[in-house]
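[1] all I have is the shape, not the residue letters:
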């Protein structure tokens, strides 16, 4: 049904717009990883922005002194974010705020959660329609996600962007050759900021997939995904996760 290897993203809503088409007919896996990273970096800020949290306030909470994984652990250890987020947000919205908090901490400390790959393939412009849509096909991988924009609400746009982001972050890691979980680090740990500090300090080689998996398995997924929205917006369903489920 889908013959051409390609990646297409198109969508325009309020101050967000992105329309790109990548021909993957001559692409290597590292090129696809790079393309997916580019798209993720373009859509993720808006997945958070339309979710219902105050991103500026959380950015003020996500301050880091220094760089690297130890700087992140130290920032969490010295922060009162756990108390702050309980005062600011209802329980249903805290997963979104927590995700954005860790996302910004890692970014501010220069810790990567996506593969650093260079992509030699340049996109062509894709026209906007009345939808936000993603189509990805490369070899035996196919992903299609779409949302019509008529009478749409902000959180629904957040949901489609976050759902696409979940798919492409994980696929970019796979195409870049990053595999494995972090169960040896998180085994026996429950979701808490103290456990996050402890586990982050146990990471010897902070490759993107290890950083992601450690925080995911503790219940602090550090990138936008539809999981973070399901408590606040029950009509948004999380994708099925293979293997070990993150802690609630």
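    The structure has been received and is ready for your questions. Values in this document were obtained by computation on a predicted structure and should not be read as measured data. Residues are numbered from 1 along each chain as shown.

[2] once you drop chain neighbours, what's closest to the residue nearest to the spatial centre of the chain?
    The centroid of the chain falls nearest to residue 223 when counting by Cα atoms, centre = their mean (2.7 Å). The spatially closest residue to residue 223, leaving aside those adjacent along the chain, is residue 169, at 5.2 Å (Cβ to Cβ, 6 or more residues apart in numbering). Bear in mind the C-beta positions are built from the backbone N, C-alpha and C, glycine included.

[3] from memory that neighbour sits against residue 43, does it?
    No: using Cβ atoms under 8 Å, residue 169 is not in contact with residue 43; the gap is 10.5 Å.

[4] of the two, which one has the most company?
    Neighbours per residue (other Cβ atoms under 10 Å) separate residue 169 from residue 43, with residue 169 holding more: 26 against 22.

[5] so which elements touch the helix or strand encompassing the more buried one?
    Element membership for residue 169, per DSSP states H and E: helix 154-175. For helix 154-175, the elements it packs on are strand 6-13, helix 29-49, strand 131-138, strand 141-148, helix 208-218, judged by 3 or more Cβ pairs under 8 Å, 6 or more residues apart in numbering; DSSP states H and E.

[6] pairing partners for the fourth one, with directions?
    Take DSSP bridges as the rule and strand 141-148 pairs in its sheet with strand 131-138 (antiparallel).

[7] and the angle from the strand it pairs with to strand 6-13?
    On the basis of axes from the mean of the first three to the mean of the last three Cα atoms, to 10 degrees, strand 131-138 is oriented at 170 degrees to strand 6-13.

[8] run the chain-centre distance for strand 131-138.
    17 Å (Cα atoms, centre = their mean, to the nearest Å).

[9] between the helices and strands packed on helix 154-175, which one is closest to residue 112.
    helix 208-218 (4.8 Å; Cβ to Cβ).

[10] what angle separates that closest one from helix 154-175?
    Using the same axes, to 10 degrees: helix 208-218 against helix 154-175 is 130 degrees.

[11] relative to helix 29-49, how tilted is helix 208-218?
    Using the same axes, to 10 degrees: helix 208-218 against helix 29-49 is 40 degrees.

[12] which residues are contacting helix 208-218?
    69, 102, 106, 111-115, 169, 173, 176, 178-183, 185-186, 189, 191-192, 195-196, 199-200, 203, 221-223, 244, 246-247 (Cβ atoms under 8 Å, 6 or more residues apart in numbering).

[13] which ones are touching the residue nearest to residue 223?
    Residue 169 neighbours (Cβ under 8 Å, 6+ apart): 36, 40, 113, 114, 212, 223, 225.

[14] what's the helix or strand for the residue nearest to the centre of the chain?
    Short version, using DSSP H and E: residue 223 is in no helix or strand.

[15] for it, give its distance to residue 142.
    22 Å (Cβ to Cβ, to the nearest Å).
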